[in-house]
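Engineer: here's a sequence, model it:
(chains A, B and C)
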Amino acid sequence: MTLLDDDRLLGTDPGLRAIARDLYDGIRDLPIISPHGHTDPRWFAENATFADPAALFVTPDHYVFRMLHSQGVPLEALGVPRADGGATEADPRAVWRLFAQHFHLFRGTPSRMWLDHAFQTVFGVTDRLTPASADAIYDQIDAQLQTDAFRPRALFDRFRIEALSTTEAATDDLHWHRMIKGSGWPGRVITAYRPDGVIDPEMPGFADNVARLGALAGEDATTWTGYLAAHRNRRAYFKDFGATSTDHGHPTARTEDLAQDVAARLFAEALQGRCSAEEAETFRGHMLTEMARMSLDDGLVMQIHPGALRNHSGPVLAQFGRDKGYDIPTRTDYVRALRPLLEAVGHRHDLTVILFTLDESAYARELAPLAGVWPCLRLGPPWWFHDSPEGMWRFRQMTTETAGFYNTVGFNDDTRAFCSIPARHDVARRVDCAFLATLVATGRLAADEAPQVAHDLTYRLAKQAYRL
Amino acid sequence: MTLLDDDRLLGTDPGLRAIARDLYDGIRDLPIISPHGHTDPRWFAENATFADPAALFVTPDHYVFRMLHSQGVPLEALGVPRADGGATEADPRAVWRLFAQHFHLFRGTPSRMWLDHAFQTVFGVTDRLTPASADAIYDQIDAQLQTDAFRPRALFDRFRIEALSTTEAATDDLHWHRMIKGSGWPGRVITAYRPDGVIDPEMPGFADNVARLGALAGEDATTWTGYLAAHRNRRAYFKDFGATSTDHGHPTARTEDLAQDVAARLFAEALQGRCSAEEAETFRGHMLTEMARMSLDDGLVMQIHPGALRNHSGPVLAQFGRDKGYDIPTRTDYVRALRPLLEAVGHRHDLTVILFTLDESAYARELAPLAGVWPCLRLGPPWWFHDSPEGMWRFRQMTTETAGFYNTVGFNDDTRAFCSIPARHDVARRVDCAFLATLVATGRLAADEAPQVAHDLTYRLAKQAYRL
Amino acid sequence: MTLLDDDRLLGTDPGLRAIARDLYDGIRDLPIISPHGHTDPRWFAENATFADPAALFVTPDHYVFRMLHSQGVPLEALGVPRADGGATEADPRAVWRLFAQHFHLFRGTPSRMWLDHAFQTVFGVTDRLTPASADAIYDQIDAQLQTDAFRPRALFDRFRIEALSTTEAATDDLHWHRMIKGSGWPGRVITAYRPDGVIDPEMPGFADNVARLGALAGEDATTWTGYLAAHRNRRAYFKDFGATSTDHGHPTARTEDLAQDVAARLFAEALQGRCSAEEAETFRGHMLTEMARMSLDDGLVMQIHPGALRNHSGPVLAQFGRDKGYDIPTRTDYVRALRPLLEAVGHRHDLTVILFTLDESAYARELAPLAGVWPCLRLGPPWWFHDSPEGMWRFRQMTTETAGFYNTVGFNDDTRAFCSIPARHDVARRVDCAFLATLVATGRLAADEAPQVAHDLTYRLAKQAYRL
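Structural biologist: Have a look, this model is predicted:
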């Protein structure tokens, strides 16, 4: 038995599938460029073994535990750590059994594809996970995890990762990245500059974060000019550890281009915790434009990831903390929101701003038309809830005709689940090949052009857009 | 000649269609669970013959008459009764001829599939309805309608309906349901508690409705506590007539969780007709949370059907009354709207809240992410304007990857057109099987798992979610 | 070699494609009805040769130059004329070479299909445009452009255009149309009444435009009654030059039905430049209802094209003027917006209002439900950014099931690129045939009905809806 169909996602019509398979064969073994994600740099710094199957596949992966939780399984029972110090299930095998018992919930979901892919290709599992097979599969995975071939660096090589970006807060000291850099290990694990905690006046501990930013940068970040200088300093520091990008996860895509004295006054009020919600939004918006200006100087590519309403459940936030599956997409406007930044710096082709969305209704209506004209703009791949075969398909269907392929930037896995990286890239490659095959089969793309596009989408555009 | 293709909706690629047909063969004859609809309980109480073909297929079905009306046919000419007492066409054969004359308007629509299905499978009609065939088909249907085999209870059995829910206002005395219950007929026709008329301060006659609620419940419903007690009493009464659910058709999905004294003050103002539009919306929103709390006590499943702007034409409302095809969907937010209710009671897995939408842009962005994490939430099937093959397909494509299949609840026919019930369920079964076959054919679902999912979607999930 | 696949867009499954090809063969050679577009009437009046390949395919076509611009090519380098008098590339061959160098950007876009179609079918080009082939193709096209067979009227005949509507401002003197009419040439080139410049108080030069309107009409357009009379007069004048429609490109779909004295006061303030943004919006909205009332008198079909945020880049507007690729779609509400107009005159079936959208999320949610009931409403074809195979497919998928085919109006090419007219109509015909074939292959449309629908969509509905 096998968990994976060799021709999965390559289409149903035999003629079309043959075209897709040819395209896929041409790019399936290309190295992985992973320019945006949330793996833990500590893994590559320490290169310790992963603890156990539950810690690898269940406990840290909100895609997984939110599904079980939605059907009534308490997060505690899945061993999700509590922020309030309460007890949670400590036996990984018990967690695993609960996972197996609910594995049918994932039927038809991308999580199922990613899990099966990792089970089979990483751990050689060929039986389906069920309550009956749970223990044997647990043992099979667990035994391998204790071996050197399954340490993070070995897997990194085995996954053929050419470059992997993690994401660190602006106030992170990059301890683990320094350790990686000093280790002599040749794997290219780089960081990305995520300044939300020092840009968003509504973040808990904003003033403390800014103080820490100043301390790390050796600047008086309590003044507007010192604050900007501290950003410049930290961006340079991040660049020393390979960073080629910044990342901005604001609630909306709002940008502003305020006069400097207005911005300075807002910043002063933010530091004193006196911003209204509207002022906080204005300040965040203005800082996107400041970040874009700094990008023109230091060349960092800017990523804007708006639209998540975080921590939809107050009780879950209080008990378990952030990133527990309770982040929900919201409707997002880009057209009016981005205009101030774009009018300020958007005509510069040496600036790259990559836009993401959790609101697919913006693809054809706003994002493709914007990226299809503004020289600085590129479209990031389908993100988060839309990082699925259907989501990828909708992305291509709704953006290609206005923005083409060359205003997109290849795939991001955006994951904290290390073993899902090959699976996720493989899904993207297959869906793109099936999409290209459909264009070929319907006379919308010449057969000799398709392999070039497939290569671009898989490899070249990601390297180029992220300046890797 | 035949009106129906045996393989309709099962896909075009022969390989995929073979998989779909196998799946469909496994579930096509399962009993119908119809947990939400608008058939008239009087039919089953009195078991009288239906009047004539026009009264069965045209006059009461807003899907049908709105299409003819959109092309200039006056509603009067279709025999739609006037609220203002004006004259309408009284000859059912004249209505039928007009219907036949415009039957081409339904090409490509689900109404055409439902009508053809009923014509062929219920009445044995095999010729297409045209001006030329109109009289013969009228006679063929009319003759059968006079026979016992075509009375409501006989059709109920013939349609293999295991359970059918009607919907009654909170102030309905359930006269017809009492008659059904007392008749000894074993058909399971149950009611559902629809309290909009006593919850929405903007409904005409709100205070009178509340007074009647109190009278029926033996409570002083003019006080806040009496009003809540009256709801509890009526819910229990509805449960006596088989109700397992409540239904809420608010203009938006807004919920609130007010302090009791604030709610009591709002209620008092509502009774006096002094609510602003915003206060009315707040009150409706708060009452959803009260209803959810009562559901935790009495176990009734809660259905939220928001987003219709009713009676878009004032003149048509004045002349013909409600439900005349002039209800139009609007953009609907769920994320912020539902938060108060969810934070109050949404972590309880013994509560079931089924969400519907008329705004498909919310499927992937809001509804699937919400249902994929909140333990109380489930997604209702595509509703009303989206209750079509393409609409069903979009529903599965946009919700499965985040919410899976097991946060959905099977199909609702939601119809007042009795003969369309088998047709509508058949369409849903076929589309679901074609969707599952696509997953199988593209390696996203194992072939041995698909029949189980098909059975769940057709039968088990509806029974389970609605506690039938 | 050939640039075009004979079976392009007709589907991938062989069985389905055979059905689609039969349908397409039945309608491919029907004359073109082009009831809405932006070709230059001067072409047909003077019948001069087109200047050169760059002037024909690149410089005036924002679909084309925006794509190159999005990848960093300055508009100046493409010879796009500057509004501020600055220099631009004057050598058409240099522009053409730059175009060829970036031609790969159009892979997978409809622009590529239109260009290849025009290259091959109009100019006999069979090699792909590349930097290597650029000069030869330039020469091949350029040489033909100098011949009589490639003058506008000859191409009009060769394209089998039965009727072509241009669009002129209400204040246009229709000089070129008068010249066409007086020329004795039998080609049916008509105008359409576009009064935005004299209806929108926020248009630059609004008061001057109104003054000019009055002067042309011989009315004192500074009074409300004179202003309305001037509209009536100009509409009649446009009808003399064949106009059968008006066109309204407002920022939103907002309509109003104000009392006449209120409208008169607003108009007076607008003329004095004292309208707030909200008042300007109200005035535009009211004028749509006035236009609809005039349509009831003079029979002109009304087209509403809302939702573009024009000139997203202030700098580009200042340097290059309007229509330079910087118009971006926005979210658009129709339900509340259209209600005042509809309640005033929407029940009249002798009024035709054709709705367009740049917000596809409105198709299934708002537009199809509205057009499926209001007697005056029809749905225009997919517009602008959505005028693509995928966009056309989404239009049929999301509107047919509620509005049917007969509340749609056939295709509009809406183009200023003359040579793309046959290409665009051909794409629409193919997509419609593939859509119909899918319905036939899945049992949703009878095989003998499909050819009739194909003919209606291609030819009859456009003539009927636009009263041509």
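
Engineer: enumerate every residue touching A:P251.
Structural biologist: A:281, A:284, A:306-310, A:330 (CB atoms under 8 Å, 6 or more residues apart in numbering or on different chains). Any C-beta I mention is one placed from the backbone N, CA and C, and that applies to glycine too.

Engineer: who in the stretch 101-250 of chain A is up against chain B?
Structural biologist: Within the stretch 101-250 of chain A, the positions near chain B by CB under 8 Å from any CB of the partner chain are A:104-110, A:112-113, A:128.

Engineer: restrict those to those near chain C?
Structural biologist: Checked against chain C using CB under 8 Å from any CB, those yield no neighbours at all.

Engineer: what secondary structure does A:E360 sit in?
Structural biologist: Secondary structure assignment for A:E360 (DSSP: H, G, I helix; E, B strand; the rest coil): coil.

Engineer: list the contacts for the residue of chain A found nearest chain C?
Structural biologist: Closest to chain C within chain A is A:G443: 2.7 Å, counting by CB to the nearest CB. Residues near A:G443 by CB under 8 Å, 6+ apart: C:4-5, C:7-9.

Engineer: need the residues you listed in a markdown table with pLDDT and neighbour count, can you?
Structural biologist: Converted to a markdown table, the contacts of A:G443 look like this (pLDDT from 0 to 100; neighbours: other CB atoms under 10 Å in any protein chain shown):
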| residue | pLDDT | neighbour count |
| --- | --- | --- |
| C:L4 | 97 | 16 |
| C:D5 | 96 | 16 |
| C:D7 | 97 | 17 |
| C:R8 | 98 | 19 |
| C:L9 | 98 | 24 |
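
Engineer: show me where the stretch 301-450 of chain A has its helices.
Structural biologist: Secondary structure of the stretch 301-450 of chain A (DSSP state H, counting those that start in this stretch): helices at A:314-320, A:335-345, A:362, A:368-371, A:389-403, A:420-441, A:450-455.

Engineer: what do you get for the stretch 1-150 of chain A?
Structural biologist: Assigned by DSSP H, counting those that start in this stretch, the helices in the stretch 1-150 of chain A fall at A:14-27, A:41-46, A:53-57, A:62-70, A:92-101, A:110-117, A:123, A:134-145.

Engineer: for whatever helix or strand A:R178 lives in, the distance to its chain's centre please.
Structural biologist: Assigned by DSSP states H and E, A:R178 falls within helix A:175-182. Here helix A:175-182 is found 21 Å from its chain centre; the criterion is CA atoms, centre = their mean, to the nearest Å.

Engineer: and for stretch A:230-247?
Structural biologist: On CA atoms, centre = their mean, the centre of stretch A:230-247 falls 18 Å from the chain's centre.

Engineer: okay, buried residues for that stretch please.
Structural biologist: Residues A:230-231, A:233-239, A:241-247 are the ones in stretch A:230-247 that count as buried (16 or more other CB atoms under 10 Å in any protein chain shown).

Engineer: cool, stretch A:78-86 as well?
Structural biologist: Going by neighbour count (16+ other CB under 10 Å), the buried part of stretch A:78-86 is A:78-80.

Engineer: can I get those residues in CSV with distance to chain B and pLDDT?
Structural biologist: As requested, those are exported to CSV (distance: CB to the nearest CB, whole Å; pLDDT from 0 to 100):
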residue, distance to chain B, pLDDT
A:L78, 13, 97
A:G79, 17, 96
A:V80, 12, 96
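
Engineer: just to revisit the earlier point, dump the helices of the stretch 1-150 of chain A to a markdown table, plus mean neighbour count and mean pLDDT.
Structural biologist: Putting the helices of the stretch 1-150 of chain A into a markdown table (neighbours: other CB atoms under 10 Å in any protein chain shown; pLDDT from 0 to 100) gives the following:
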| stretch | mean neighbour count | mean pLDDT |
| --- | --- | --- |
| helix A:14-27 | 19 | 97 |
| helix A:41-46 | 20 | 98 |
| helix A:53-57 | 21 | 97 |
| helix A:62-70 | 24 | 97 |
| helix A:92-101 | 20 | 98 |
| helix A:110-117 | 24 | 98 |
| helix A:123 | 19 | 98 |
| helix A:134-145 | 17 | 98 |
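
Engineer: quick one: closest of the ones you listed to C:R97.
Structural biologist: Nearest of those to C:R97, taken as CB to CB: helix A:14-27 at 30.4 Å.

Engineer: that closest one to helix A:420-441, inter-axis angle?
Structural biologist: With axes from the mean of the first three to the mean of the last three CA atoms, to 10 degrees applied, the angle from helix A:14-27 to helix A:420-441 works out at 130 degrees.

Engineer: for the stretch 101-250 of chain A, just list every one of the strands.
Structural biologist: Assigned by DSSP state E, counting those that start in this stretch, the strands in the stretch 101-250 of chain A fall at A:161-165, A:168-169, A:189-190, A:193-194, A:245-248.

Engineer: about what we covered before: buried subset of the contacts of A:P251?
Structural biologist: Buried subset of the contacts of A:P251 (neighbour count, 16+ other CB under 10 Å): A:281, A:284, A:306-309, A:330.

Engineer: inside strands: which ones of the residues you listed?
Structural biologist: Using DSSP state E, the subset of these located in strands is A:308-309.
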